[in-house]
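Engineer: this one's structure only:
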């Protein structure tokens with residue numbers, strides 16, 4: 001098999017790694033150069049098998065849910081494949097969760113095992129777990145065991161290394177028999193929606209969902225085993241474990257992860273490992289290019305990558321291409337319930353297509369735009385709700401049949417909740433979020449329209465628009481603005497900039513200047529937090 005034609009699809013996640021070990025045994029698969037860790041595909045497969053046997057010895061059954069609460073440590077990727085080999089369901093856990101959130105997730109997912117690290121940033125995971133009764137008295141009814149990744153493991157936990165010891169209790173034949181019973185359409189992964197509003201829901205995904213989605217996205221990036229991906233987006237998110245890990249491995253690409261996002265570490269990894277691909281949300285690329293030592297790093301090896309999470313402003317896209325050599329960077333749009341990719345721009349698309357659209361629908365799936373009220377299909381350029389159907393649609397929400405029924409029609413169409421329009425050539429433009437619409441005095445206003453306008457102002461680095469309550473209009477518009485470093489602007493200046501460019505009722509009533517935006521760990525803006533903070537301070541008419 002030649003490099004240009006090597007690719008895998010329609011296989012289980014466990015079988016994917018085995019095929020890679022057989023086909024590219026000596027190729028580097030996983031590199032953490034700052035840890036001096038380099039694994040070939042053959043070595044990664046051997047480690048995944050060993051840990052899989054250890055998990056079986058701990059009593060993990062096929063179909064059981066195992067929660068993983070950790071940053072992008074090497075064990076994360078090993079576990080992704082080890083759990084898949086024994087048919088256990090990997091429940092990915094956001095690294096930023098607090099006590100009530102992790103308590104909810106573990107209970108709602110009915111996880112039988114939790115694997116965790118000591119903590120991340122200002123969250124001490126072990127203190128949180130003690131607070132919710134996951135350690136010691138075990139107040140959580142389904143949780144039987146907690147495994148600890150790292151040094152200085154306490155008596156309340158089982159060290160991760162113990163899995164290697166316990167592996168001796170399970171034969172290779174027993175592991176292979178278990179793996180044969182795992183099907184491509186079995187649920188193998190559960191990811192909780194980011195929860196920017198309401199309670200998160202557990203999205204059930206199969207190998208066919210996410211392996212095939214990774215395959216098509218990797219193909220869109222032109223991946224071959226000669227590529228090396230600097231993966232700095234969180235593995236708990238689809239961007240990391242699907243577009244990242246599976247998008248790479250379905251094409252034999254080497255992964256060079258960064259344990260958590262740090263612009264300097266990303267630049268060091270690209271330089272040191274001659275990475276050809278880089279992922280991130282727009283703010284990540286901006287942070288990398290704004291690093292004071294940016295020009296000291298050799299990024300000439302870069303070729304392609306993915307920018308997702310939100311549309312990329314044109315000036316930032318031009319900088320990424322010119323200053324980072326990302327001439328073939330693509331935009332991907334999707335959502336967790338769609339495994340996640342739905343559309344992707346082409347590697348040779350114009351700047352306009354890469355900044356004003358999210359590309360065309362991926363192969364083997366259908367997209368339509370409907371009137372959200374009547375559900376009737378709409379024509380080209382008519383904005384409505386984007387719906388998708390195909391192999392990528394989730395199996396459903398765990399233990400939530402009502403939400404599943406509301407999201408997926410009887411004939412298999414998934415309602416995304418995103419407002420979009422599609423042109424005659426099939427390019428999709430996301431025009432807003434159906435639930436994100438501001439209703440001011442009976443007028444429907446899409447925040448994205450105002451955000452796009454304000455981002456054109458020379459002083460604005462980034463902006464997000466949301467609503468605060470108003471006794472008179474029902475809702476008033478607020479723009480939270482982050483200014484460029486060393487640049488000043490006033491509220492009146494930005495309001496004047498909007499005048500004569502958009503309808504008067506769309507001009508923000510308030511402009512608030514911020515240093516940072518509240519974000520989820522996967523890079524999504526949390527507008528509800530902006531709203532909560534500002535409604536305490538603002539008095540609307």
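Structural biologist: It's in. These numbers were taken from a predicted model, which means no experiment stands behind them.

Engineer: When you work out contacts or count neighbours from here on, use the C-alpha atoms and nothing else.
Structural biologist: Will do.

Engineer: Residue 394 and residue 107, how far apart?
Structural biologist: Distance, residue 394 to residue 107, by CA to CA, to the nearest Å: 21 Å.

Engineer: More neighbours: the two, which one.
Structural biologist: Taking neighbours as other CA atoms under 10 Å, residue 394 and residue 107 compare with residue 394 leading, 24 against 15.

Engineer: that's a helix at that one, yeah?
Structural biologist: No. Residue 394 is assigned coil when assessed by DSSP: H, G, I helix; E, B strand; the rest coil, not a helix.

Engineer: Look at residue 299 and tell me its secondary structure.
Structural biologist: Assignment for residue 299 (three-state DSSP): coil.

Engineer: One more: residue 203?
Structural biologist: With three-state DSSP as the criterion, residue 203 reads strand.

Engineer: Show me where the chain dips below the pLDDT cut-off.
Structural biologist: Along the chain, segments meeting pLDDT under 70 span 1-5, 137-138, 194-198, 441-442, 444, 471-472, 538-541.

Engineer: List the residues that contact the spatially closest residue to residue 251 that is not a sequence neighbour.
Structural biologist: Closest residue to residue 251 apart from its sequence neighbours, by CA to CA, 6 or more residues apart in numbering: residue 7 at 4.5 Å. Applying CA atoms under 8 Å, 6 or more residues apart in numbering, we find residue 7 in contact with 215, 250-252.

Engineer: out of these, who's nearest residue 369?
Structural biologist: Lowest distance from residue 369 to these (CA to CA) belongs to residue 215, with 25.3 Å.

Engineer: Wasn't residue 315 part of a helix?
Structural biologist: Yes. According to three-state DSSP, residue 315 belongs to a helix.

Engineer: So which of the contacts of residue 7 are in helices?
Structural biologist: residue 215 (DSSP state H).

Engineer: Buried subset of the contacts of residue 7, written for PyMOL?
Structural biologist: This is the PyMOL syntax for the buried subset of the contacts of residue 7, where burial follows 16 or more other CA atoms under 10 Å:
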select buried, resi 215+250+251+252
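
Engineer: So which of the contacts of residue 7 are in strands?
Structural biologist: Judged by DSSP state E, strands contain none of the contacts of residue 7.

Engineer: I'd like the contacts of residue 7 as JSON lines, with distance to residue 89 appended.
Structural biologist: Shown next, in JSON lines, are those (distance: CA to CA, whole Å):
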{"residue": "215", "distance to residue 89": "21"}
{"residue": "250", "distance to residue 89": "20"}
{"residue": "251", "distance to residue 89": "24"}
{"residue": "252", "distance to residue 89": "24"}
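
Engineer: Kindly indicate which of the contacts of residue 7 lies nearest residue 47.
Structural biologist: The closest of the contacts of residue 7, once distances to residue 47 are taken by CA to CA, is residue 252, at 17.6 Å.

Engineer: who's in contact with that closest one?
Structural biologist: 6-7, 20, 24, 29, 224-225 are the contacts of residue 252 under CA under 8 Å, 6+ apart.

Engineer: Adding secondary structure and distance to residue 119, write the residues you listed out as CSV.
Structural biologist: Converted to CSV, the contacts of residue 252 look like this (DSSP: H, G, I helix; E, B strand; the rest coil; distance: CA to CA, whole Å):
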residue, secondary structure, distance to residue 119
6, coil, 39
7, coil, 36
20, helix, 33
24, coil, 35
29, strand, 27
224, coil, 36
225, coil, 34
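
Engineer: By neighbour count, which of the residues you listed wins?
Structural biologist: Neighbour counts for those peak at residue 29, which has 27 neighbours (criterion: other CA under 10 Å).

Engineer: so what's it up against?
Structural biologist: Contacts of residue 29 (CA under 8 Å, 6+ apart): 38-41, 44, 252-255.

Engineer: And stretch 81-98, how far out from the chain middle?
Structural biologist: 14 Å (CA atoms, centre = their mean, to the nearest Å).

Engineer: do stretch 340-359 as well
Structural biologist: 18 Å.

Engineer: Outline the domain layout of this structure.
Structural biologist: 3-202, 207-433, 437-535 (automatic domain parsing).

Engineer: thinking again about what came up before, between the contacts of residue 29, which is nearest residue 350?
Structural biologist: Set against residue 350, the nearest of the contacts of residue 29 by CA to CA is residue 253 (26.1 Å).

Engineer: Can you give me every residue that contacts that closest one?
Structural biologist: 29, 223-229.

Engineer: which residue sits closest to it, ignoring its sequence neighbours?
Structural biologist: residue 225 (4.6 Å).

Engineer: hang on, the earlier thing: the contacts of residue 253: which two are farthest apart?
Structural biologist: Going by CA to CA, the pair spanning the contacts of residue 253 furthest: 29 and 223, at 14.0 Å.

Engineer: from memory residue 60 sits against residue 88, does it?
Structural biologist: Yes. At 7.1 Å, residue 60 counts as touching residue 88 under the criterion of CA atoms under 8 Å.

Engineer: More neighbours: those two, which one.
Structural biologist: residue 88 (25 against 22).

Engineer: was I right about the more buried one contacting residue 66?
Structural biologist: Yes. Counting by CA under 8 Å, residue 88 touches residue 66, with 6.9 Å between them.

Engineer: Please list the outside residues in contact with the longest helix along the chain.
Structural biologist: The longest helix of the chain (DSSP H) is helix 41-57. Residues outside helix 41-57 that contact it (CA under 8 Å, 6+ apart) are 17-18, 20-22, 24-30, 78-79, 81-83, 85-86, 162-172, 175.

Engineer: List the buried residues in stretch 477-484.
Structural biologist: So for stretch 477-484, counting by 16+ other CA under 10 Å, buried means 477-483.

Engineer: Could you do stretch 393-409 as well?
Structural biologist: 393-398, 404, 407-408.

Engineer: What of stretch 347-360?
Structural biologist: For stretch 347-360, using 16+ other CA under 10 Å, the buried residues are 347, 353-360.

Engineer: What of stretch 524-531?
Structural biologist: So stretch 524-531, judged by 16+ other CA under 10 Å, has buried residues 524-527, 530-531.

Engineer: Which member of those residues is positioned nearest residue 513?
Structural biologist: Nearest to residue 513 among the buried residues of stretch 524-531, with distances taken as CA to CA, is residue 530, at 11.4 Å.

Engineer: Is the closest one in a helix, a strand, or coil?
Structural biologist: On the basis of three-state DSSP, residue 530 is classed as helix.

Engineer: Now do the contacts for it.
Structural biologist: Contacts of residue 530 by CA under 8 Å, 6+ apart are 466, 480, 517-518.

Engineer: quick one: contacts of stretch 79-88?
Structural biologist: By CA under 8 Å, 6+ apart, stretch 79-88 touches 12-15, 17, 48-52, 55-56, 60-66, 89-90, 175, 178-179, 181-182, 188.

Engineer: Drop anything exposed from these.
Structural biologist: Buried among these by 16+ other CA under 10 Å: 12-15, 17, 48-52, 55-56, 60-66, 89-90, 175, 178-179, 182, 188.

Engineer: From those residues, which land in helices?
Structural biologist: Going by DSSP H, the helices hold 13-15, 17, 48-52, 55-56, 175, 178-179 from the buried ones among the contacts of stretch 79-88.

Engineer: Export those residues to TSV and append columns for distance to residue 123.
Structural biologist: Output for these, formatted as TSV (distance: CA to CA, whole Å):
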residue	distance to residue 123
13	31
14	32
15	36
17	33
48	29
49	32
50	31
51	27
52	29
55	27
56	30
175	36
178	37
179	36
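
Engineer: Helices of the stretch 401-541 of the chain, start to end?
Structural biologist: For the stretch 401-541 of the chain, the helices defined by DSSP state H, counting those that start in this stretch cover 401-407, 447-454, 491-498, 527-535.
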